Structures are given as structure tokens and as C-alpha cells.
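Student: can't give you the sequence, but here's the structure:
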């Protein structure tokens, strides 16, 4: 069951103008290039206008080993985000319960929960986006 829930949005990052958006103007401003809410007019996107998060089976997980060590020291996860319009600041990463990585974005309808084989350190993992691919590195917690 999907409910439309309105959320106020004042800026939507976008490299190029993709056409008119009611209540928005396309320009380069304090947040960067994209669509800005037009003056006093309230603009709202609904969940129905957001895209779904990537599917769990699109995630590639790998164990990273230091040279000469048999036990892995980190988990690396990669996920193709598609069009490449998302930037690092558009994606939120958190480790939940040391065995789950949760990836979310305000542009997605929901979040993506990635189960991990090893417990990872609860500190925020390293992450970057290059050519539409999100890469995360999470250090494995000491036993």
C-alpha cells in the first residue's frame, strides 16, 4: 500500500534543465545548479514522484584483505545508482546493528538495507560516487 506524502522541497540538484517543473525555476544558486522553489510558491514532491531505491541484487559485496593476511579487514559494497545525477551529499549511509548497512536518499521512495556477513565498525563508512556507481568501504570490527 503506497500513500502519497507531500514533503516540502526548496532545491533539486540537476546538471541540466530537463523541462519546466511547476513551482520551480532552473538556475545556478547557493546550492548549486538545479531547480529552486519559485519565490513564495510552495513546491511539493510526493513519494509517487520519487524513484525506488536500487534493488538488493544490484549490490556487489567484496571482502578486502591486507597483503599477507588471511582474514578480511573491510567490506566493500558497490551499487549502480543509474543516471549519475545523485551526488555523495544526496545519499545517506548508516550502519545498523553492525551487520546491516542502510543506504537512503531523499530522492528515493524508501531505503535499501544490505545484510553484511561480518560485523563492521559502527562509525560512518567511507563512501564515494564515481560515474553513477556508489562505492562503500566499511572496516570489519575487531573480534
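Tutor: Sure, I can see it. Note that the structure is predicted; figures quoted are calculated from it, not measured.

Student: Residue 66: what's it in contact with?
Tutor: By Cβ atoms under 8 Å, 6 or more residues apart in numbering, the residues touching residue 66 are residue 73. Backbone N, C-alpha and C define where each C-beta goes, glycine included.

Student: mind checking pLDDT for it?
Tutor: Looking at residue 66, its pLDDT reads 92.

Student: pull the longest strand from this protein.
Tutor: strand 72-80 (DSSP state E).

Student: on contacts alone, who are the packing partners of that strand?
Tutor: Contact analysis of strand 72-80 by 3 or more Cβ pairs under 8 Å, 6 or more residues apart in numbering; DSSP states H and E lists strand 59-65, strand 133-139 as its packing neighbours.

Student: Packed most tightly, which of the ones you listed would that be?
Tutor: Highest mean neighbour count among those (mean count of other Cβ atoms under 10 Å): strand 133-139, with a mean of 19.

Student: and that strand, average pLDDT?
Tutor: The pLDDT scores in strand 133-139 average 92.

Student: quick one: residue 62 and residue 116, what's the gap?
Tutor: Counting by Cβ to Cβ, to the nearest Å, the gap from residue 62 to residue 116 is 12 Å.

Student: overlap in contacts of those two?
Tutor: Common contacts of residue 62 and residue 116 (Cβ under 8 Å, 6+ apart): residue 75.

Student: returning to what we had before: just give me how far whichever helix or strand comes after the longest strand of the chain sits from the chain centre.
Tutor: Downstream of strand 72-80, the first helix or strand assigned by DSSP states H and E is strand 91-96. Taking the mean of its C-alpha atoms, strand 91-96 sits 8 Å from the chain's own mean (Cα atoms, centre = their mean, to the nearest Å).
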